[in-house]
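> Build me a structure from this.
(2 chains)
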Number of protein chains: 2
Amino acid sequence: MLWIKTIPEMRDLVARWRKNGESVGLVPTMGFFHQGHLALMKKARQENEEVVVSLFVNPTQFGPGEDFEQYPRNRERDEKLAEEAGVDVVFNPAAVEMYDREFQTFVDLTELPQGLCGAARPGHFRGVATVVTKLFNIVQPERAYFGEKDAQQLRVIKRMAVDLNIPVDIRAVPTVREEDGLAMSSRNTYLSPEERQAALVLSKSLFFAKAQVETGERNSERLKEKMKELITGEPLVSLEYLEIRASDTLRPVSIIAEEVLIALAARAGKTRLIDNITINPEGRR
Amino acid sequence: MLWIKTIPEMRDLVARWRKNGESVGLVPTMGFFHQGHLALMKKARQENEEVVVSLFVNPTQFGPGEDFEQYPRNRERDEKLAEEAGVDVVFNPAAVEMYDREFQTFVDLTELPQGLCGAARPGHFRGVATVVTKLFNIVQPERAYFGEKDAQQLRVIKRMAVDLNIPVDIRAVPTVREEDGLAMSSRNTYLSPEERQAALVLSKSLFFAKAQVETGERNSERLKEKMKELITGEPLVSLEYLEIRASDTLRPVSIIAEEVLIALAARAGKTRLIDNITINPEGRR
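Got it, this is the predicted structure:
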């Protein structure tokens, strides 16, 4: 496995692959790999001749006061895990390599970044869309892999690829959960044992919502109230948002008549966690 | 020569070219070709195996009240001229092909679009940067050709390509002028004979500025005043802006010590015209 730190080196390798007609899969990450990342890598490994994992803690998607500096990093462990997952290249550029002194170009969407995580994190999805565009242009993959855990990000990237005619197939990979239901996240490492236990109420509330819809609940507001009741029963957890949206456009829905995304963000102690579920009221997927 | 109207057809052709390892040059245009466009096509023809001219009057770069509806169009003439210039493909998508109902992704720059034409045309360079990104992703050229006449646009596109790591070589082609100095523009067709004559003061003022710098003038404000005096002597012409900026960053300069761009926009009658010159005080280019 190669560990590449510069854009020219990455480009040279990509040019060679293209010349040989090899397919390339890209898994964009911020590192500190968990089972969710490994599921993305596994899928990329199955579908492509060459697999690139980018590892870049992207400063432009963190807001002031967010955890950019503290974001967990562990190069040795990441290198070992990527190698075991059959990754061909880890692309790990420095921030100055990605953003020069005169950098000033951003990719932004007008609607999908509104609300949900975008409400508490202004500029976050602009940072994500911009860095992903850059990575797509550097690695030029046929396919790129994103987790369903970052539901709003996945929709932003999919829409961006359509709108800008980016020739990349965006592949969604289901959220990987711990045995007890907690969605995998690099930020889970921040949780105390008590917070870790309390955080379970988030996935529980989503599974509860799914059961509710399966037994006939179609009213968004009522369903949200029931979920909030469950979550507020857990004093270590404070809800940031809980929304039921049309799964594709993320527009609010009052009646659950088509596939919906139920998404939430909450703090367990000081740690911000997100989770979501998509539910089809007709039982189709 | 092929005339292609859909993105999938264009993509299929591009995929075939790529497979054969053929180099592709793209000339983005809004049609109604003049000698300036033909100079871009000629250069592209010299440097590439395949030449694509995109012909798309892009609605997102026109503001309310601008001449989107009236922008001159002449398919038959354009087809003949492109064919004669040795173009392989004219890519001429419909607006619905480029912007679907849910379109919402824009590429924008924070600094270069400020001032100059950006002041009077808010959103213009956002529209340009976005459509050019789309065209780059559809056609995937090795090289793309832009005229120096659209000085701010050229710098926006160059910076965008660097910032987003777009693997396209941006090639600048000098402004083509009529015998008497008027810069070629599709909008010249709007001019009455009297306005056409009066408009000459614009290029004259730029050549005058160059001579002034060559004989030692280094003070931006003083040089602008002299130019304005010349231009205001022409009653049919009203100046929108006249600026002296650093040629690469477009930041204002008070002393002309490095290569500068002198750029102006003016109305001759109702027709908006732009022109510019780059001047190196040391005589280097």
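
> OK, contacts around the one residue in the stretch 1-150 of chain A that gets nearest to chain B?
Using Cβ to the nearest Cβ, residue A:105 is the residue of the stretch 1-150 of chain A that sits closest to chain B, at 3.5 Å. For the C-beta atoms, the positions are set from N, CA and C on the backbone; glycine is no exception. Residue A:105 makes contacts with A:130, B:107, B:108, B:109, B:110, B:129, B:159, B:160, B:163, B:164, as judged by Cβ atoms under 8 Å, 6 or more residues apart in numbering or on different chains.

> swap the cut-off to 7 Å and go again
B:107, B:109, B:159, B:160, B:163, B:164 (Cβ atoms under 7 Å, 6 or more residues apart in numbering or on different chains).

> Over to residue A:252?
Per Cβ under 7 Å, 6+ apart, neighbours of residue A:252: residue A:245.

> try it again with 10 Å
Residues near residue A:252 by Cβ atoms under 10 Å, 6 or more residues apart in numbering or on different chains: A:115, A:220, A:243, A:244, A:245, A:246.

> Run the chain-centre distance for the strand or helix carrying residue A:134.
Assigned by DSSP states H and E, residue A:134 falls within helix A:124-139. Relative to its chain's centre, helix A:124-139 lies at 13 Å (Cα atoms, centre = their mean, to the nearest Å).

> what do you get for stretch A:185-193?
Stretch A:185-193 sits 16 Å away from the centroid of its parent chain (Cα atoms, centre = their mean).

> Check what pLDDT the nearest residue to residue A:180 once chain neighbours are set aside gets.
Excluding its sequence neighbours, the residue lying closest to residue A:180 (Cβ to Cβ, 6 or more residues apart in numbering or on different chains) is residue A:200, at 5.8 Å. Looking at residue A:200, its pLDDT is 98.

> Report the contact partners of residue A:200.
Residues near residue A:200 by Cβ under 10 Å, 6+ apart: A:178, A:180, A:181, A:182, A:234, A:237, A:268.

> can you rerun that using 8 Å?
Shown in contact with residue A:200 (Cβ under 8 Å, 6+ apart): A:180, A:181, A:182.

> Among the residues you listed, which one is most surrounded by other residues?
Neighbours here mean other Cβ atoms under 10 Å in any protein chain shown. Within the contacts of residue A:200, the largest count is held by residue A:182, at 20 neighbours.

> Residue A:244 touches residue A:260, doesn't it?
Yes - counting by Cβ atoms under 8 Å, residue A:244 does reach residue A:260; the two are 5.4 Å apart.

> Quick check: neighbours shared by the two?
Here residue A:244 and residue A:260 have A:220, A:253 as joint contacts, going by Cβ under 8 Å, 6+ apart.

> Which helix or which strand is home to the closest residue to residue A:170 other than its chain neighbours?
Spatial nearest neighbour of residue A:170, chain neighbours left out: residue A:158 (4.9 Å); criterion: Cβ to Cβ, 6+ apart. Using DSSP H and E, residue A:158 maps to helix A:151-163.

> how about the helices in chain A?
Secondary structure of chain A, counting by DSSP state H: helices at A:7-19, A:35-47, A:75-84, A:95-98, A:117-120, A:124-139, A:151-163, A:193-198, A:200-214, A:220-232.

> Save the ones you listed as CSV, and put in distance to residue B:272 too.
Formatted as CSV, the helices of chain A follow (distance: least, Cβ to Cβ, whole Å):
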stretch, distance to residue B:272
helix A:7-19, 39
helix A:35-47, 50
helix A:75-84, 55
helix A:95-98, 38
helix A:117-120, 37
helix A:124-139, 32
helix A:151-163, 29
helix A:193-198, 61
helix A:200-214, 56
helix A:220-232, 50
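
> Please list the residues of the stretch 51-200 of chain A that sit near chain B.
With Cβ under 8 Å from any Cβ of the partner chain as the criterion, the stretch 51-200 of chain A meets chain B at residues A:100, A:102-112, A:129-130, A:133-134, A:137-138, A:140, A:159-160, A:162-167.

> When you filter those down to buried only, what's left?
For these, a neighbour count by 16 or more other Cβ atoms under 10 Å in any protein chain shown gives the buried set as A:103-109, A:111-112, A:129-130, A:133-134, A:137-138, A:140, A:159-160, A:163-167.

> got a list of what the closest residue in space to residue A:154 that isn't next to it in sequence touches?
Take residue A:154 and drop its neighbours on the chain: the residue closest to it by Cβ to Cβ, 6+ apart is residue A:146, 5.0 Å away. By Cβ under 8 Å, 6+ apart, the contact set of residue A:146 is A:28, A:40, A:153, A:154, A:157, A:170, A:171, A:172, A:173.

> Could I get the contacting residues of residue A:86?
Residue A:86 sits next to A:41, A:45, A:51 when contact means Cβ under 8 Å, 6+ apart.

> farthest pair in the contacts of residue A:252?
Among those, the pair separated by the greatest distance (Cβ to Cβ) is A:115 and A:220, at 14.1 Å.

> mind checking the end-to-end distance for stretch A:8-27?
Distance across stretch A:8-27, first residue to last, is 19 Å (Cα to Cα, to the nearest Å).

> That one near chain B anywhere?
Yes - Stretch A:8-27 lies within reach of chain B by Cβ under 8 Å from any Cβ, at A:11, A:18, A:19, A:21.

> Show me which positions of that stretch end up buried.
For stretch A:8-27, by 16+ other Cβ under 10 Å, it's A:10, A:11, A:13, A:14, A:17, A:24, A:25, A:26, A:27.

> same question for that stretch, mean pLDDT?
The pLDDT scores in stretch A:8-27 average 96.

> ditto for stretch A:128-145
Stretch A:128-145 shows a mean pLDDT of 98.

> Could you tell me how far it lies from the centre of the chain?
Remark: stretch A:128-145 is offset 14 Å from the chain centroid, using Cα atoms, centre = their mean.

> Stretch A:204-224 too?
Once both centres are worked out by Cα atoms, centre = their mean, stretch A:204-224 turns out to sit 24 Å from its chain's centre.

> Need the residues that contact it.
Contact with stretch A:204-224 is made by A:181, A:226-227, A:230-231, A:242-244, A:252-257, A:260, A:262, A:264, A:275-277, A:279, A:281, A:283, as judged by Cβ under 8 Å, 6+ apart.

> out of those, which are buried?
For the contacts of stretch A:204-224, a burial check counting by 16+ other Cβ under 10 Å picks out A:227, A:231, A:242-244, A:253, A:256, A:260, A:262, A:264, A:275-277, A:279, A:281.

> Just these: which are in strands?
A:242, A:243, A:244, A:260, A:262, A:264, A:275, A:276, A:277, A:279 (DSSP state E).

> Columns pLDDT on top of the residues you listed, output as TSV?
Shown next, in TSV, are these (pLDDT from 0 to 100):
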residue	pLDDT
A:242	98
A:243	98
A:244	98
A:260	98
A:262	98
A:264	98
A:275	98
A:276	98
A:277	98
A:279	97
